[in-house]
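Asks: sharing a model prediction with you, sequence too.
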Amino acid sequence: MALVSLPSGTIGVMGNTALLVMDVQVAIVQRFQKSEAILTPLAKAIAAARAAGVPVIYVRLAFREGRPEVSRRNRVFAAIASGIALAESDPATQVHPAVAPQPGDVVVIKKRVSAFSGSDLDVVLRSLDVHSLVLTGIATSGVVLSTLRQAADLDYDLTVLADGCADGDSEVHRVLIEKVFSRQATVISTDEWIAGLSADS
């Protein structure tokens, strides 16, 4: 896998960086069976972020009872809503226990593909004075791609953890990680990112 090397000093300001763990929910992990492979590197990244004082922000996809936020015109969500329990209180929409939030972690609930859509993520990030985002999640072609595009337009400095993302289509994942994301983000492995945290602490 060809990854973009991390420029020296780009992780330096801990107070301005946040780790986003997006859509790593029980039902989504079960739906994309290959995604279980990212749970171990994600757990390492989360532990390293907490140790370094980097905020960990979880993003969940969930709706009110009856799903009034799901439009019939939205092909993706109309199809998903018919096949998966997506109520905010449903156990299936909770963060997977292998990477579960701890007290002090922020959990944001979104209503569309991007982590910013229908959520208060932007308010949280601005309140924390975050300028740099480290992106992880399921799926690479879904929440990670959409959030990366929107965050880039909002002028965030972006890092993607290649082994902290998963997709149902391995070729789509490869193309995004190796060819597309690097245009707007630094793409590195979890171990490389953790090494950078240790070097800067």
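Replies: Good, I have the coordinates.
Asks: so residue 19 bridges to which residues?
Replies: Per DSSP bridges, the residues bridged to residue 19 are residue 56, residue 134.
Asks: quick one: the strands in this structure, in order.
Replies: With DSSP state E, the ranges of strands along the chain come out as 17-22, 56-61, 106-110, 132-138, 157-166, 186-188.
Asks: and the last one, how far out from the chain's middle?
Replies: What that stands for is strand 186-188. 14 Å (Cα atoms, centre = their mean, to the nearest Å).
Asks: what lines up beside that strand in the sheet?
Replies: Strands adjacent to strand 186-188 in the sheet, as given by DSSP bridges, are strand 157-166 (parallel).
Asks: which residues touch the strand it pairs with?
Replies: Residues from elsewhere that reach strand 157-166 (Cβ atoms under 8 Å, 6 or more residues apart in numbering): 1, 3, 6, 10-11, 32, 34-35, 37-38, 41-42, 45, 131-140, 144, 148, 151-152, 173, 177, 181, 184-190, 193. C-betas here are computed from N, CA, C, even on glycine.
Asks: now do the contacts for residue 34.
Replies: Counted by Cβ under 8 Å, 6+ apart, residue 34 has contacts 166-168, 170.
Asks: which non-adjacent residue is nearest the residue most central in space within the chain?
Replies: For the chain, the residue nearest the mean C-alpha position is residue 22 (3.1 Å; Cα atoms, centre = their mean). Closest residue in space to residue 22, ignoring its immediate chain neighbours: residue 137 at 3.1 Å, by Cβ to Cβ, 6 or more residues apart in numbering.
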